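**Q** Build me a structure from this.
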Amino acid sequence: MISKIDINSTEYKKELEDTIKFTDEVNEKFGFVYNQNPEINKSTQMGLARNNILYGKRYCPCFMVVGEDEKQRQEADNRLCPCVPALEKEIPENGSCHCGIFCTKEFVSDEPKIEKAHSKGFTKDECAMILEKSQIIGVELEALLEARELGFVDFALVDVREWMEWQDNRIVGTNALIPTTSFYKELSQLDEKKNIPIVLYCLTGSRSNHCMNAMRQMGYGKVINLTYGIVAYDGKRERG
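**A** Sure thing, here's the model as predicted:
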């Protein structure tokens with residue numbers, strides 16, 4: 001079952017405030033800086049606050065939390081923010097952690113701008129070719145959604161962010177919400193869509209890429225990741 005937390009509740013607001021102080025302290029302790037995109041920072045902080053309410057610990061919101069109780073979660077070695085892989089490998093090598101919130105100063109100053117590869121207006125055959133890719137960008141997803149409306153192609157669009165992110169804004173045309181934190185439990189929503197391509201998206205493409213790899217290992221035929229996530233998607237969104 002998808003965990004739904006009231007982001008307007010006093011409990012959540014207090015936890016989010018404490019979490020923001022926590023991420024401030026992480027940056028100060030390790031000499032990191034926040035991502036230039038405030039949407040990335042906000043989403044990560046919201047996820048950390050959510051996990052602390054649900055599990056009593058700020059587990060990384062970009063990965064599945066494995067384990068039914070505290071003992072099982074400890075044995076599963078879930079990522080706890082700031083996680084060891086981020087501190088020892090991701091930030092030193094890539095300039096930012098997996099979630100994108102903690103960055104080096106060099107990464108922020110050198111962060112490349114995402115440019116569109118081309119415009120919309122793809123033919124039916126070109127849209128079919130896009131669905132053969134494993135990674136697509138925002139303008140390609142826009143073209144696919146238009147093509148689906150015209151009956152040129154068929155695919156399922158799945159949001160793997162959390163319920164509160166879905167409520168805040170999502171891509172128009174999304175077929176299902178399957179949060180990363182309860183991914184395996186909610187995956188049955190796609191039982192009838194195994195024979196068509198499935199496009200996954202999250203905030204920046206990291207969670208969805210993780211889920212894509214998991215689905216491929218489970219035998220799903222064609223799973224595609226929206227590389228840069230919803231932050232780089234210029235198409236229609238909706239909320240509520």
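**Q** I'd say I20 and Q45 touch.
**A** Yes. Using Cβ atoms under 8 Å, I20 and Q45 qualify as a contacting pair, with a distance of 5.6 Å. Bear in mind the C-beta positions are built from the backbone N, C-alpha and C, glycine included.
**Q** any idea how this structure splits into domains?
**A** With domains defined by automatic domain parsing, the chain comprises 10-110, 124-238.
**Q** Can you tell me which of those is nearest to K4?
**A** domain 124-238 (5.0 Å; Cβ to Cβ).
**Q** Can you get me a residue count around G138?
**A** A total of 22 residues lie near G138 under the criterion other Cβ atoms under 10 Å.
**Q** go on, the one 3 residues further on?
**A** Neighbouring residues of L141 were enumerated by other Cβ under 10 Å; the total is 24.
**Q** Repeat that for I20.
**A** I20: 16 neighbours (other Cβ under 10 Å).
**Q** give me the element it is part of.
**A** Using DSSP states H and E, I20 sits within helix 10-30.
**Q** Any buried residues in that helix, and which?
**A** Neighbour-count burial for helix 10-30 flags Y12, E15, L16, T19, I20, F22, T23, V26, N27 (criterion: 16 or more other Cβ atoms under 10 Å).
**Q** these two touch, right, the second one and I53?
**A** Think E15. Yes. The criterion here is Cβ under 8 Å, and E15 meets it with I53 at 5.6 Å.
**Q** the helices in this structure, which residues?
**A** Taking DSSP state H as the criterion, the chain contains helices spanning 10-30, 38-55, 70-75, 84-85, 91-94, 105-110, 124-130, 138-149, 163-168, 183-186, 206-217.
**Q** what does the third one rub up against?
**A** Going back to what we said before, that points to helix 70-75. Y55, G56, K57, Y59, V65, V66, G67 (Cβ atoms under 8 Å, 6 or more residues apart in numbering).
**Q** which residues touch the first one?
**A** Listed by Cβ under 8 Å, 6+ apart, the contact set of Y55 reads V65, E70, R73.
**Q** same thing with N94?
**A** F107.
**Q** ok, so of the contacts of helix 70-75, who is nearest I178?
**A** V65 (14.4 Å).
**Q** Now the closest one: phi and psi?
**A** Main-chain torsions, V65, degrees, to the nearest 10: phi -90, psi 110.
**Q** Touching, it and R58? I think so.
**A** No. Using Cβ under 8 Å, V65 is not in contact with R58, being 10.9 Å away.
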